[in-house]
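In: test case, fold it:
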Amino acid sequence: MTTTTLAVLVPLLPFLGAAAGLLLGRTAPGFVRPLAVLPSLAALALAAVVAVRQGGDAAIDSATELTPTGSVPVELALHIDGFAALVAVLVAFVATCVQIYSTGYLRDDPRYPSYAALVSLFTSAMLLVVYSGDLIVLLVGWEVMGICSYFLVGHYWETPEARAASIKAFLVTKLGDVPFLIGLFALATDAGSFRITKILSTVANGGLHHPTLIALLLLAGVAGKSAQFPLHTWLPDAMAGPTPVSALIHAATMVAAGVYFVARLLPVFEASSAAMVVLAVMAAVTMAGSGLAALAQDDIKRVLAYSTIGQLGYMTGALAVGDRGAAVFHLLSHGAFKALLFLAAGVIIHASGTNSLAAMSRMGNLRARVPDAFWTMTVALLALAAIPPFSGFFSKESVLGAAEHAATGDTAHIPGVAGWIVLVAGLLAALLTAAYATRLWLLAFHGRGVEAPDHGRQPVAMNAVLWVLAVPSLALGGLAYRVLPDWFDGRDLTPTLTTSVLGTGVALVGGIVTYGAWRHTTALAARTPLGAVAAHPEGDAGLVEAEAIASHTPAYGDVASAPDPADPGRLLLGPLHRHAASGFHLDAVYGALFVRPVMAAASLVRFLDREVVDTYVRGAGTLPRLLGAAVRRAQTGNMQTYVSALLAGTVVLTVAVLLVATGA
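Out: Reported below is the predicted structural model:
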């Protein structure tokens with residue numbers, strides 16, 4: 001087969017698996033699990049073959065016109081460069097791991113067939129985004145991911161939290177998608193084509209007439225999809241979905257799509273210095289704010305959600321300083337260790353038996369109970385904290401190195417201020433990342449919570465996936481900077497001394513200070529016994545999660561529920577803790593700025609419709625109805641009545657004529 005044919009099959013196989021799973025889910029349930037796993041596994045194998053054949057050389061392009069449009073053509077096109085080849089492997093790899101893991105995690109869930117089909121469709125949509133060479137086809141995958149996230153986040157639809165989270169995720173991302181769509185059309189109008197290669201050629205020749213406007217419109221969609229400030233608030237609430245869904249969204253799909261889109265069209269953004277500065281500021285605020293928020297969360301999944309927001313901030317920061325190689329490098333390494341973190345959190349949720357929110361203040365004696373999750377999550381947290389030689393160190397250092405080059409003026413066409421913004425924010429985020437990673441590890445595995453009933457050993461499929469993901473979390477960084485430079489535009493990914501020392505130094509400081517704060521608070525808390533914690537009934541992990549969400553203990557956003565006096569985050573943040581725990585009240589701000597005015601406007605429209613429009617309509621119908629009633633009463637069918645009325649009319653007319661004649 002040709003490389004193009006193989007590339008077409010990569011997104012097509014999961015799509016066919018999704019369709020078959022939906023059709024056979026009820027009639028042949030025995031085929032559901034093979035149809036969930038095998039298409040993703042086959043897509044992974046084909047994506048790896050495509051990556052090897054592409055080899056970091058010239059991009060593979062192929063296109064055919066779908067239908068004549070009369071103006072800007074829409075084409076079914078492929079554009080596979082080194083970035084696309086590697087990201088497709090990541091997407092297929094993580095999706096396969098999630099599908100295998102889910103066979104154990106949701107083994108007793110009655111809605112597993114629809115869940116597995118939606119995960120396959122989600123995977124297919126992201127692969128379409130990765131390989132697409134036409135922006136309209138890319139937009140199709142972009143929007144299909146949005147609707148898949150709506151259904152998957154709301155998988156436990158019987159709970160109000162899941163319903164609210166799915167609606168919020170859909171609406172917030174759509175808020176960014178509206179200007180994104182306008183930006184796509186404006187870009188295609190300037191370039192005369194939706195083809196990515198033609199657009200990049202137009203940019204290289206200076207053919208864009210409105211680069212700043214187009215870039216800012218596109219950034220709105222990117223901020224929504226990749227959960228960047230100010231459209232990031234949907235992602236922490238999206239934890240109401242099953243934990244494997246969180247792993248898929250955070251590691252390889254949805255949030256990665258925005259970063260990948262900017263990387264693919266980076267010259268469009270580089271054409272506007274103002275847009276690059278805006279991108280840098282967005283990344284800086286996202287990195288710092290999410291780090292503080294993560295340090296204040298009690299729910300382990302919300303900590304990881306804010307962690308994802310911050311790591312995506314690193315990627316957008318790398319793009320803001322014009323280094324898409326560093327951005328995609330961190331995208332790849334982050335995909336591996338973040339998938340591992342969420343799937344290990346799923347094991348912890350089942351083992352702790354507390355609630356789906358996995359309140360770390362209620363965890364106790366988990367290290368001995370879940371050794372696989374303990375060791376693999378330790379690896380992932382070290383990678384997250386960018387401690388050498390784990391993968392996160394190499395990729396995060398490449399971002400800091402790119403920011404340093406831009407700050408010192410070594411990167412052409414990039415404002416130096418953008419470099420300084422990303423560098424300072426990146427170092428602060430490295431400090432905060434190490435702090436909340438250390439806090440998570442201490443509270444989850446060395447906490448003082450009441451020990452929950454033992455739910456037994458986790459399914460083999462779940463533990464096996466953890467160890468598979470631990471390998472790239474440990475080795476991907478060191479392998480990538482030696483073997484994969486050709487896939488990253490030939491950029492040297494070797495760590496530089498200055499940023500390596502600075503990044504590792506602040507990370508160590510963050511970890512050590514957090515450990516010291518934990519020791520101090522633990523000593524004080526030894527005299528404060530924790531109250532009893534009610535455990536959930538035993539059962540499958542997915543069912544425990546659904547029951548826990550329904551129990552409202554604690555509800556999402558309830559930052560005051562069962563605080564652990566040994567929480568170092570409270571000591572480190574001090575009076576800032578309350579604000580950070582609520583995400584700095586951004587939801588309240590958006591409620592005041594958008595939700596309340598819209599609801600007030602809706603109430604006004606409803607009042608006008610009921611009291612004004614309906615009154616007018618009712619009034620307009622009253623007079624004809626009265627006239628009709630009068631006429632109806634006159635039609636009695638009595639001949640004497642009709643003759644009397646005729647005579648009376650004759651008399652009236654005669655009198656009227658006489659009066660007129662006399663007056664004349």
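In: host element of the residue of the chain positioned farthest from its centre?
Out: In the chain, Thr662 marks the outermost C-alpha relative to the chain mean, sitting 92.4 Å out by C-alpha atoms, centre = their mean. Secondary-structure assignment from DSSP states H and E places Thr662 in helix 639-663.
In: distance from the chain centre to that helix, please.
Out: The gap between the average C-alpha position of helix 639-663 and the chain average comes to 84 Å, counting by C-alpha atoms, centre = their mean, to the nearest Å.
In: show residues contacting that helix.
Out: Contacts made with helix 639-663 from outside it, assessed by C-beta atoms under 8 Å, 6 or more residues apart in numbering, are listed as Ala634. For the C-beta atoms, the positions are set from N, CA and C on the backbone; glycine is no exception.
In: avg pLDDT for that helix?
Out: Averaged over helix 639-663, pLDDT sits at 83.
In: and if you look at stretch 151-158?
Out: If you average the pLDDT values across stretch 151-158, you get 91.
In: buried set for it?
Out: Taking 16 or more other C-beta atoms under 10 Å as the basis for neighbour counts, the residues of stretch 151-158 that come out buried are 151-156.
In: distance to Leu235 and secondary structure added to these, as a markdown table?
Out: Rendered in a markdown table, the data for the buried residues of stretch 151-158 read as follows (distance: C-beta to C-beta, whole Å; DSSP: H, G, I helix; E, B strand; the rest coil):
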| residue | distance to Leu235 | secondary structure |
| --- | --- | --- |
| Phe151 | 17 | helix |
| Leu152 | 14 | helix |
| Val153 | 10 | helix |
| Gly154 | 15 | coil |
| His155 | 16 | coil |
| Tyr156 | 18 | coil |
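In: could I get these as TSV with distance to Leu497?
Out: TSV is the format used below for the buried residues of stretch 151-158 (distance: C-beta to C-beta, whole Å):
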residue	distance to Leu497
Phe151	48
Leu152	44
Val153	43
Gly154	49
His155	48
Tyr156	49
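In: tell me the helix or strand right after the lowest-mean-pLDDT helix or strand in the chain.
Out: Taking mean pLDDT, DSSP states H and E as the measure, the helices and strands of the chain show their lowest mean at helix 541-551, namely a mean of 52. Note on helix 541-551: by DSSP H and E, the next helix or strand toward the C-terminus is helix 568-573.
In: does anything pack onto that following helix? Which helices or strands?
Out: Counting contacts by 3 or more C-beta pairs under 8 Å, 6 or more residues apart in numbering; DSSP states H and E, the secondary-structure elements packed against helix 568-573 are helix 273-296, helix 416-446, helix 497-525, helix 577-581.
In: now that helix: mean pLDDT?
Out: Per-residue pLDDT values over helix 568-573 give a mean of 90.
In: quick one: the helices in the stretch 301-450 of the chain?
Out: When assigned using DSSP state H, counting those that start in this stretch, the helices of the stretch 301-450 of the chain occupy the ranges 324-352, 371-384, 391-407, 416-446.
In: just the stretch 1-150 of the chain next, same as before
Out: Going by DSSP H, counting those that start in this stretch, the stretch 1-150 of the chain shows helices at 3-24, 32-54, 82-105, 112-131, 135-153.
In: in the second one, what's buried?
Out: If I follow you right, that is helix 32-54. Applying a neighbour-count criterion of 16+ other C-beta under 10 Å, the buried positions in helix 32-54 are 32-33, 35-37, 39-51, 54.
In: where in the stretch 501-650 of the chain is pLDDT low?
Out: Counting by pLDDT under 70, the stretch 501-650 of the chain contains low-confidence residues at 527-565.
In: next: the chain.
Out: Scanning the chain with the threshold set as pLDDT under 70 gives 69, 352-358, 364-365, 448-457, 481, 527-565, 664.
In: spatially central residue in the chain, please.
Out: The centroid of the chain falls nearest to Val255 when counting by C-alpha atoms, centre = their mean (4.3 Å).
In: my read is that Trp156 contacts Gly241, right?
Out: For residue 156 the amino acid is Tyr, not Trp. Yes - the pair Tyr156 and Gly241 qualifies as a contact (C-beta atoms under 8 Å) at a distance of 7.5 Å.
In: identify the contacts common to these two.
Out: Between them, Tyr156 and Gly241 have Ala162 as joint contacts when contacts are counted by C-beta under 8 Å, 6+ apart.
In: contact partners for the residue lying closest to Met360 once chain neighbours are set aside?
Out: Excluding the flanking residues, the one nearest Met360 by C-beta to C-beta, 6 or more residues apart in numbering is Leu443, at 3.9 Å. Applying C-beta under 8 Å, 6+ apart to Leu443 gives the contacts 360-361, 363, 564, 566-567.
In: how much space between the residue nearest to Cys97 when sequence neighbours are not counted and Ser361?
Out: Closest residue in space to Cys97, ignoring its immediate chain neighbours: Val465 at 4.8 Å, by C-beta to C-beta, 6+ apart. As for Val465, its distance to Ser361 is 28 Å (criterion: C-beta to C-beta, to the nearest Å).
In: neighbour-wise, which of those two wins?
Out: Between Val465 and Ser361, counted using other C-beta atoms under 10 Å, Val465 has the larger neighbour count: 31 against 22.
In: distance check, the more buried one against Trp487.
Out: Val465 is 25 Å from Trp487, where distance means C-beta to C-beta.
In: and Val281, by the same measure?
Out: Taking C-beta to C-beta as the measure, Val281 and Trp487 are separated by 30 Å.
In: compare those two (neighbour count), which wins?
Out: It is Trp487, of Val281 and Trp487, that has more neighbours when counted by other C-beta under 10 Å, with 25 against 17.
In: isn't that one right next to Gly56, touching?
Out: Yes - with contacts defined as C-beta under 8 Å, Trp487 counts as touching Gly56 at a distance of 4.2 Å.
In: who touches both of the two?
Out: Shared contacts of Trp487 and Gly56, counting by C-beta under 8 Å, 6+ apart, come down to 82, 85.
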